[in-house]
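Participant: Structure for this input, please:
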Amino acid sequence: MVNKYWANLKFFVSEHLIAIFFALLVGTLCSLPQFLAIWSLGEQYKGIPFLYSDSEFVYLARIQEIFDGHLSASSHVFYEYKDSVSITPPSGEYFYFLGSKLLGISIIGFVYLSKLIFPAILFLLIYFLVLLLTKKIESECGLGQKLTAILAGLTSTIGYEFFNYRTLIPLLSGNTQNLNLNIWTRLINPITGAILLFLFFIFLLKIIEGKRKLIIPAGILLFLMIGYIFSFGISLLTCLILSIIFAVKKEYRIFKDLLSVILFSTIIFAVYIFISLMTNPYPTDSLRMGLFLTHTVLLNKLLLLVISFFAVSSLYFVKNKTFFKDERNNWWLFLLSVVLACFISYTQQVVTGMTVWPQHLVQYTIPISIITVLVLLFNFFSNNWRKIYIPFLIILIFSNVFMSLMSLLTYKNILIDFIDVQKYGEAVNWIKLNAEKDCVILSSDNRMNRIIPALTRCNVYLSDWVFSGVPMDRVRHNYFLYLRLKGITPDTIDSYLSENKEEVSNLFFRDWKDLFMDNNDPWLNKISNKKEIENWKEELNLDLASDFKKFMNNDLLEQIKKYRIDHVIINGADIGKYKELKLNLIEETGDFKIYKLN
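Facilitator: The predicted model follows:
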């Protein structure tokens, strides 16, 4: 038994050795900037990790919550709101929790490792998906098939950023200033959603082939994707469209199997939603988390091009009705389903009147578009002009690698800030070693308030992360305390609020139209009533100014003790702001002093 398993493994590795090499290359190229940044700092590195993609400290704090025993990660910053169930279940966070536990390494250790292994896994999943979509009657994979799959994996991972012309054109001239860190190295999302999505696609194809034992695993994968609505929506729609297609074809075994996947996932999903609604008392959280109530469509130009290419190329492939009866052509039905699922994801709000920040759909529609085009090209060129097709693939493969090598130095664009953020390292290390689990720390430094929940077992008193699970009374209380510690007075509050409109919007927004009103997004501008938003902001400022003046009449210590507080961290230069409090200095480290509140 062992010998047979070992022989199968050796055959698998030898059969896909080139793909395994490229997977390791993808992981290395994606993760190298973080290691180069840390290495560049030398002794200046004080343990604050290189996390510069959007919301990475938030995601890290949610992982830390699970380690601390708060399994729903419903409140990663505040102590008081940990008993509810989050409207965004932390399914992706458990990848990191379980990975860290299984390997016996720290959270940060696995975070660094994940930036290598997760992009590599994504590459392999796309590689094997394309092999399934391009396979012929023969069991062995041909060179053209493997190269097509490798190109799809490379272009979807290390080549992803080059689909933005604002990035590609400067890069071709040697300018890396506009480059971002690779999207698949961002913590939690979209990488975990992508891994689940493409593994789900592979399972669907296997179920269509008759592997019924994958029905329950596929249902579990579909459920796990509810942590990121974009991958969940595309997956659910793909499965639903496929089931309809096979029902029309009267292939009822496949229809029932695909429907079983949806039903199994739906049952688990319904239970979770019921529990979430029962335990989350804030009905506006969905709007504050990115839900839009609109019928206005957002169309993606790349997806429209791919749909057009698919439609035109189908005139070549679909020559007669017998095409649909041949199971070897299920690849076309699958691509049709996925492309339609992507299109519906962008346009479903015409009917439902609801959508969730559709700009994030490109994270998955770009790889899906790449796969669709390359599979269509393979199925055309594998029988025609093969001598041209193979060199074409090789050139594109090396072009992806070359441009990715050019982008390795993107970390230098943010190196100055990475050096500056290390000033928090000594204070954070003291908290990790000395502060009790779930303690609450007051700091008026916004960056410190993002770092503490991510790197320690403690919570913070003040935070600008108020998207869900936080009552507005607490948001208002915290903001007034922040202003008071900042030195704002009843005489200066009106002018301060007028000059800091973005700060106010970032805390008190009703939905993302309020939050991103000034970012000049064409779709957002189309669905926003700017005059109404401006009027709302003016009324809000008047209301805040009035309540702040009342807040200032109360004793500061009494106001602070309204919620749990254990320690106060102060930058040495800011000590005067806390003169009303009775503080007991317990540690001085780096630029910061740590106090116990008497």
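Participant: So I586 lies in a strand, does it not?
Facilitator: Yes. Applying DSSP: H, G, I helix; E, B strand; the rest coil, one finds I586 inside a strand.
Participant: wait, isn't it in contact with F592?
Facilitator: No. Look at I586 against F592 with Cβ atoms under 8 Å: they stay out of range, at 11.8 Å. Yep, even glycine has a C-beta here, placed from its N, CA and C like the rest.
Participant: Same drill for those two, tell me which one is more crowded.
Facilitator: Per other Cβ atoms under 10 Å, whichever of I586 and F592 has more neighbours is F592, with 21 against 13.
Participant: which non-adjacent residue is nearest the more buried one?
Facilitator: Closest residue to F592 apart from its sequence neighbours, by Cβ to Cβ, 6 or more residues apart in numbering: A427 at 4.2 Å.
Participant: OK, contacts around K530?
Facilitator: Counting by Cβ atoms under 8 Å, 6 or more residues apart in numbering, K530 touches M517.
Participant: Let me know the pLDDT of it.
Facilitator: What the model reports as pLDDT for K530 is 89.
Participant: just use 864 as the starting number from now, easier for me
Facilitator: I'll keep to 864 as the first residue from here, and by that count the last item is K1393.
Participant: do you know how far it is from S1368?
Facilitator: With distances taken as Cβ to Cβ, to the nearest Å, K1393 is found 13 Å from S1368.
Participant: shared neighbours of the two, anything?
Facilitator: The contact sets of K1393 and S1368 overlap at M1380 (Cβ under 8 Å, 6+ apart).
Participant: low-confidence ranges in this protein?
Facilitator: 864-866, 999-1004, 1027-1042, 1134-1147, 1183-1185, 1187, 1246-1247, 1436-1439 (pLDDT under 70).
Participant: center of it - which residue?
Facilitator: In the chain, the residue lying closest to the centroid (Cα atoms, centre = their mean) is N1052, at 1.9 Å.
Participant: wait, the residue nearest to F1455 sits on H1430?
Facilitator: No. Judged on Cβ under 8 Å, A1290 makes no contact with H1430 at a distance of 10.4 Å.
Participant: out of these two, which sits in the more crowded spot?
Facilitator: A1290 (26 against 23).
Participant: about what we covered before: shared neighbours of A1290 and H1430, which are they?
Facilitator: I1457.
Participant: name the helices or strands packed onto the helix or strand A1204 falls within?
Facilitator: Assigned by DSSP states H and E, A1204 belongs to helix 1193-1210. On a contact count with 3 or more Cβ pairs under 8 Å, 6 or more residues apart in numbering; DSSP states H and E, helix 1193-1210 meets helix 970-997, helix 1054-1072, helix 1092-1111, helix 1164-1180, helix 1225-1244.
Participant: For the protein, just list every one of the strands.
Facilitator: 1154-1156, 1217-1219, 1303-1305, 1322-1323, 1430-1434, 1446-1452, 1455-1460 (DSSP state E).
Participant: Select, out of the ones you listed, the one closest to Y1209.
Facilitator: Of all the strands of the chain, the one in closest proximity to Y1209, counting by Cβ to Cβ, is strand 1217-1219 (8.5 Å).
Participant: Return the set of buried residues in that closest one.
Facilitator: Neighbour-count burial for strand 1217-1219 flags T1218, V1219 (criterion: 16 or more other Cβ atoms under 10 Å).
Participant: Give me the residues contacting it.
Facilitator: By Cβ under 8 Å, 6+ apart, the residues outside strand 1217-1219 that reach it are I1092, F1093, M1152, G1153, L1154, F1155, L1156, T1157, L1161, Q1211, Q1212.
Participant: again, only this time at 10 Å
Facilitator: The contact list for strand 1217-1219 (Cβ atoms under 10 Å, 6 or more residues apart in numbering) reads 1091-1093, 1096, 1149, 1152-1161, 1208-1212, 1224, 1375, 1386, 1390.
Participant: How much space separates D946 from Y1179?
Facilitator: 59 Å.
Participant: thinking again about what came up before, may I have the helix holding A1204 as PDB, with CA atoms only?
Facilitator: Taking Å, rounded to 0.1, in the frame of the first residue of the first chain, the C-alpha atoms of helix 1193-1210 are listed here in PDB:
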ATOM      1  CA  ASN A1193     -18.100  20.000 -21.300                       C
ATOM      2  CA  TRP A1194     -15.200  22.400 -21.100                       C
ATOM      3  CA  TRP A1195     -17.200  24.800 -23.300                       C
ATOM      4  CA  LEU A1196     -20.300  24.500 -21.100                       C
ATOM      5  CA  PHE A1197     -18.200  25.100 -18.000                       C
ATOM      6  CA  LEU A1198     -16.600  28.300 -19.500                       C
ATOM      7  CA  LEU A1199     -20.100  29.400 -20.600                       C
ATOM      8  CA  SER A1200     -21.300  29.000 -17.000                       C
ATOM      9  CA  VAL A1201     -18.400  30.800 -15.400                       C
ATOM     10  CA  VAL A1202     -18.500  33.700 -17.900                       C
ATOM     11  CA  LEU A1203     -22.200  34.100 -17.400                       C
ATOM     12  CA  ALA A1204     -21.700  33.900 -13.600                       C
ATOM     13  CA  CYS A1205     -19.200  36.800 -13.700                       C
ATOM     14  CA  PHE A1206     -21.500  38.900 -15.900                       C
ATOM     15  CA  ILE A1207     -24.500  38.300 -13.600                       C
ATOM     16  CA  SER A1208     -22.400  39.200 -10.600                       C
ATOM     17  CA  TYR A1209     -21.800  42.600 -12.100                       C
ATOM     18  CA  THR A1210     -25.400  43.100 -13.200                       C
END
